[in-house]
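What would the 3D arrangement of this be:
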Amino acid sequence: MGKSNVARSAPIAEITLRKYEKPYNMPKRELVKKICLSLGLLQPGDSRDIIVDVLHALLEEGEIAAEEIKAKVVEYRKKSNLNMKGIAESNIRRQLKRLKDLFLVEKNGDAYRISENEKLLHLFEQKIENFYLKGIVDRVKEYFLHLDSFKR
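Below you'll find the model as predicted:
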């Protein structure tokens, strides 16, 4: 078989943002789920929503070891009568990495916590909106500017 001439570009950064209804009278787990959906950490209709319980555990417990996060996830899922798919420790660590990649969670020794013990809104504004998202938008504008420089 011949080699394909299709150019492959790997993004330096990417983010998915979604807008949902206002958060009126939602239980806490549902609010956490909407945050995960809104930030693209969870896909609409996805039944594998372990990341919701991982973030929920971090919000409830503060600083917590990965093994303890797994126990909390199992506890939350049993309480909510949810399936136990995705509770392997390797998947818990993968979900923690995804939260770290969005600057929401940090590792402190052997434990994880919400970054700098900050409020999530502050982290979103400072780390995602003003830093991560701004960098992506600025780069897209550079492409538009460069494209606009071509004569018609």
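
Name the SS class of the one residue sitting closest to the centre of the chain, please.
By Cα atoms, centre = their mean, the chain has its centre lying nearest to residue 41, at 4.0 Å. Assigned by DSSP: H, G, I helix; E, B strand; the rest coil, the conformation of residue 41 is coil.

Look up how far residue 91 lies from the residue nearest to it when sequence neighbours are not counted.
With Cβ to Cβ, 6 or more residues apart in numbering as the criterion, residue 41 has its nearest non-adjacent residue at 5.3 Å, and that residue is residue 51. No exception for glycine: its C-beta is placed from N, CA and C like everyone else's. As judged by Cβ to Cβ, to the nearest Å, residue 51 and residue 91 stand 9 Å apart.

Look at the two and report which has more neighbours.
Using other Cβ atoms under 10 Å, the more surrounded residue of residue 51 and residue 91 is residue 51, with 25 against 17.

wait, doesn't the more buried one sit right on residue 101?
No: Residue 51 lies out of contact with residue 101 (Cβ atoms under 8 Å); the separation is 11.9 Å.

residues contacting residue 74?
84, 87 (Cβ atoms under 8 Å, 6 or more residues apart in numbering).

no no, residue 52
29, 32-33, 36, 42 are the contacts of residue 52 under Cβ under 8 Å, 6+ apart.

out of these, which is most surrounded?
Within the contacts of residue 52, most neighbours by other Cβ under 10 Å means residue 32, with 25 neighbours.
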